[in-house]
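1. My questions concern the predicted model and sequence given below.
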Amino acid sequence: MRTLKFLLQKEFRQIFRDPSILRIIFIMPMMQLILLPQAADYEMKNIQLTVVDHDHSSYSQQLTSKITASGYFKLTDYSASYKSAIEDIEREKSDLILTIPARFEKDLVKENESKVFMAVNAINGVKANLGGAYLGMIIQDYNREVRLKWIQFPRLNPEPTIDITYSNWFNPLMNYKFFMVPGILVVLITMVGSFLATLNIVKEKEIGTIEQINVTPIKRHHFILGKLIPFWILGMVILTIGLSIARLFYGILPAGHFYTIYAFAAIYLFSILGLGLLISNYTSNQQQAMLISFFLMMIFILLSGLYTSIDSMPEWAKILTRLNPVTYFVEVMRMVVLKGSTLRDILPQTLTVLCFGMVLNCWAVLSYHKRS
Amino acid sequence: MSESVIITNELTKRFSNFTAVDAISFEVKKGEIFGFLGANGAGKTTAMRMLCGLSIPTSGRASVAGFDVYKQTEDIKRSIGYMSQKFSLYEDLTVKENMQFYGGIYGMSNKAIKQKTDYVLNTLHLENEAKKLVRSLPLGWKQKLAFSVAIFHEPSIVFLDEPTGGVDPVTRREFWNLIYEAAENGITIFVTTHYMDEAEYCNRVSIMVDGKIEALDSPTRLKQIFEAESMGEVFLKLARKAVRSE
């Protein structure tokens, strides 16, 4: 125990003396949590739209103004021909082309039916999808309006329609920030937990102090604990800073209890630190450690369900997400913050992450050799 | 000169098909200053790492402070001090904090740490630097400090791996005064060096060539045997035979 005390004392002295660590602890969370959620937005605004109106009728103009009034689209060009509109797409000036045929109004009045053509620039898949869907919705809406205007009341509705009304549970206003901020906080804690601890140990390898430690009678679990505890505490501090920022800037107050988040985070940090220690055992300099950490972090983030839905991943990827500790923390964060889940609700996630932690840390202790 | 504190018998270390240390056998007596010479790549550091319990030998026997290098490495570590080629104090801790840390992990009591710290600061004339970061000290001071920290917990043997590399002659002289003082206090000194004048200061010197010990005796005797004026000449006569280079 006394050995551990000296190890911790030394570690904290070094941490508080290192301005770059302090910067990482305080400035990184602020930057990430204040700036990123503004940018990581699923809602599409400013979709560039080119309209090719061959009809020039009042109906076609009504449709165009309805589309631009929706706020999602920005009318970049009002082209004379489809050919010149396609050029806009080629020059990346436009995302969507809406072609209104010459007989649009006439057909609509006479035949009670008309066609428009939509061409989507699918280079940015998300934008194309959403843009297409939005535009489709607006046109449908317009369609109904036109119909309502013509149908005389005594007559029966010629085509029964089902109207859908929504109720968004847990996030009534569909505020994506409520969804993103807890997720970004998870990434932040993961990065700090694994990067800082890994780099710290590998740095000792580089400057050679670890050799000096290895020639002392320090027990290896003492050494590992001496590294684990300080960064565990740092992780908790960052979590606290992050939750405060979420509260102050986004008004996010967890629906559940703070202690549920902290309890899970405590176990989560233990396992992610184990991973960091493990990486440091298998690398001998900071570049190697950084590269491996980055590689893992990319996979962890993309396979965590933070930015994309796990349900739409292929089966093999779903299995991988189950092996990814970040997935569980993202889940738990969202459950507790949005749904108000309790410790009992998050028990399966907690136990899984605890298992990860045990395996990773045992592996880290066993693979740390004081001699070669 | 009484009992032997380091005994090696055919000690060997092989890395795949490269024999870094080839069946070396020697004994070091208590309180002795034992010089361990050899060209770069001769296998000195590897041999030393085995004796410190940092590296497991491939074959042969060795004991350090009465403990076996295969099974009792942790006991060995408790009874030795080690100063590596690389400077190994924490640069971002102060002089005092380094002593406190190393004293602490060797299990010294707070009182003992305090007394010893005062003593070391006093002998090294570092009282005014006690609260300065080690980073800010000149290299020569750092090396003397590193040596003092290596023997801070009063080990029975201290291993020094090229402790005076890059240090000016005046500081080297001061450094060797510290070594003599430690030896007088009964600490056995096991030192590698490339400076031949330092070899003259040792009680006995061994010279390693290509993983083997080619000569082992007091500097005076070695000079007689090899009909040389200085240890430098002795070293050159032996080292030129080396087949392998760095």
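-> Thanks, I have the structure now. Quantities reported herein were computed from a predicted structural model and do not represent experimental measurements.
2. Do you have the strands of the stretch 101-250 of chain A handy? List them.
-> A:117-120 (DSSP state E, counting those that start in this stretch).
3. Around chain B, pick out the residues from it.
-> With Cβ under 8 Å from any Cβ of the partner chain as the criterion, the stretch 101-250 of chain A comes near chain B at residues A:Ile207, A:Gly208, A:Thr209, A:Glu211, A:Gln212, A:Ile213, A:Asn214, A:Val215, A:Thr216, A:Pro217, A:Ile218. Any C-beta I mention is one placed from the backbone N, CA and C, and that applies to glycine too.
4. and with 6 Å instead?
-> Residues of the stretch 101-250 of chain A lying close to chain B (Cβ under 6 Å from any Cβ of the partner chain) are A:Gly208, A:Thr209, A:Glu211, A:Gln212, A:Asn214, A:Val215, A:Thr216, A:Pro217, A:Ile218.
5. Can you select the buried ones among those residues for me in ChimeraX?
-> Selection of the buried residues among these in ChimeraX, burial being defined by 16 or more other Cβ atoms under 10 Å in any protein chain shown:
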select /A:209,211,212,214,215,216,217,218
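6. For the stretch 1-150 of chain A, which residue gets nearest to chain B?
-> The minimum distance from the stretch 1-150 of chain A to chain B, using Cβ to the nearest Cβ, falls at A:Phe6 (3.3 Å).
7. ok, back up a step: looking at the residues of the stretch 101-250 of chain A next to chain B, which two lie furthest apart in space?
-> Checked with Cβ to Cβ, those reach their widest spread between A:Gly208 and A:Pro217, with 18.8 Å between them.
8. What is the longest helix of the chain by residue count?
-> Chain wasn't specified; assuming chain A. Ranked by number of residues, the top helix in chain A under DSSP state H is helix A:220-250.
9. You answered for a different chain; I wanted chain B.
-> Assigned via DSSP H, chain B shows its longest helix as helix B:169-184.
10. Can you name the next helix or strand after it?
-> Later in the chain than helix B:169-184, the nearest helix or strand by DSSP states H and E is strand B:188-192.
11. elements contacting that next one?
-> Packed against strand B:188-192 by the contact rule (3 or more Cβ pairs under 6 Å, 6 or more residues apart in numbering or on different chains; DSSP states H and E) you find strand B:33-38, strand B:157-161.
12. Now that strand - C-alpha only, PDB.
-> The C-alpha coordinates for strand B:188-192 follow below in PDB (Å, rounded to 0.1, in the frame of the first residue of the first chain):
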ATOM      1  CA  THR B 188      30.100  -3.200  -4.100                       C
ATOM      2  CA  ILE B 189      30.500  -1.200  -7.300                       C
ATOM      3  CA  PHE B 190      30.000  -2.900 -10.700                       C
ATOM      4  CA  VAL B 191      30.800  -0.400 -13.400                       C
ATOM      5  CA  THR B 192      31.100  -0.300 -17.200                       C
END
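13. coming back round to it: centre of the chain to the helix or strand just after the longest helix of chain A, how far?
-> Next helix or strand after helix A:220-250 toward the C-terminus (DSSP H and E): helix A:258-281. Using Cα atoms, centre = their mean, to the nearest Å, we find the averaged C-alpha position of helix A:258-281 to lie 20 Å away from the chain's own average C-alpha position.
14. And the longest helix of chain A, what's buried?
-> With burial defined by 16+ other Cβ under 10 Å, the residues of helix A:220-250 counted as buried are A:220, A:222-232, A:234-235, A:238-239, A:241-243, A:245-246, A:250.
15. who touches the longest helix of chain B?
-> Applying Cβ atoms under 6 Å, 6 or more residues apart in numbering or on different chains, the contact partners of helix B:169-184 are B:Gly31, B:Ile33, B:Gly140, B:Lys144, B:Phe147, B:Ile151, B:Thr164, B:Ile189, B:Tyr201.
16. neighbour-wise, which of the residues you listed leads?
-> The residue in the contacts of helix B:169-184 with the most neighbours, by other Cβ atoms under 10 Å in any protein chain shown, is B:Ile189 (26 neighbours).
17. from what I can see B:Ile6 touches B:Phe26, true?
-> No: in this structure, B:Ile6 is not within contact of B:Phe26 by Cβ atoms under 6 Å, at 7.7 Å.
18. The closest residue to A:Ile207 other than its chain neighbours - how many residues pack around it?
-> Beyond its immediate neighbours in the sequence, the residue positioned closest to A:Ile207 (Cβ to Cβ, 6 or more residues apart in numbering or on different chains) is B:Lys86, lying 7.1 Å away. Applying other Cβ under 10 Å, we find 15 other residues in the vicinity of B:Lys86.
19. Also A:Glu204?
-> Close neighbours of A:Glu204, defined as other Cβ under 10 Å, add up to 20.
20. need the contact list for it.
-> Taking Cβ under 6 Å, 6+ apart, we find A:Glu204 in contact with A:Ile210.
21. Quick one, grab the pLDDT at it.
-> According to the per-residue confidence, A:Glu204 scores 89 in pLDDT.
22. and what of A:Ala263?
-> A:Ala263 is assigned a predicted lDDT (pLDDT) of 94.
23. Quote the end-to-end distance of stretch A:278-296.
-> End-to-end distance for stretch A:278-296, by Cα to Cα, to the nearest Å: 13 Å.
24. can you pull the buried residues of that stretch?
-> Buried residues in stretch A:278-296, defined by neighbour count with 16+ other Cβ under 10 Å: A:Leu278, A:Ile279, A:Ser280, A:Asn281, A:Thr283, A:Gln286, A:Ala289, A:Met290, A:Ile292, A:Ser293, A:Leu296.
25. for chain B, which spans come out with low pLDDT?
-> Counting by pLDDT under 70, chain B has low-confidence residues at B:1-2, B:244-246.
26. Tell me which residue is most central in it.
-> B:Leu160 (1.9 Å; Cα atoms, centre = their mean).
27. Just give me the neighbour total for residue 207.
-> Answering for chain A, as no chain was given. In terms of burial, A:Ile207 registers 16 neighbours under the definition other Cβ under 10 Å.
28. I was after chain B.
-> The number of residues packed near B:Ile207 is 26, by other Cβ under 10 Å.
29. and it, what is it in contact with?
-> For B:Ile207, the set of contacting residues under the criterion of Cβ under 6 Å, 6+ apart consists of B:Leu37, B:Glu214, B:Ala215, B:Leu238.
30. can I get those in CSV with neighbour count and distance to chain A?
-> Rendered in CSV, the data for those read as follows (neighbours: other Cβ atoms under 10 Å in any protein chain shown; distance: Cβ to the nearest Cβ, whole Å):
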residue, neighbour count, distance to chain A
B:Leu37, 29, 22
B:Glu214, 17, 26
B:Ala215, 18, 28
B:Leu238, 20, 29
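31. Quick check: the two most widely separated of these?
-> Those two in the contacts of B:Ile207 that are separated most widely, counting by Cβ to Cβ, are B:Leu37 and B:Glu214, at 9.8 Å.
32. Which residue does the stretch 151-300 of chain A have closest to chain B?
-> Counting by Cβ to the nearest Cβ, the stretch 151-300 of chain A gets nearest chain B through A:Gly208, at 3.3 Å.
33. wouldn't that residue be in contact with B:Tyr90 here?
-> No: between A:Gly208 and B:Tyr90 there is no contact, the gap being 10.8 Å when judged by Cβ under 6 Å.
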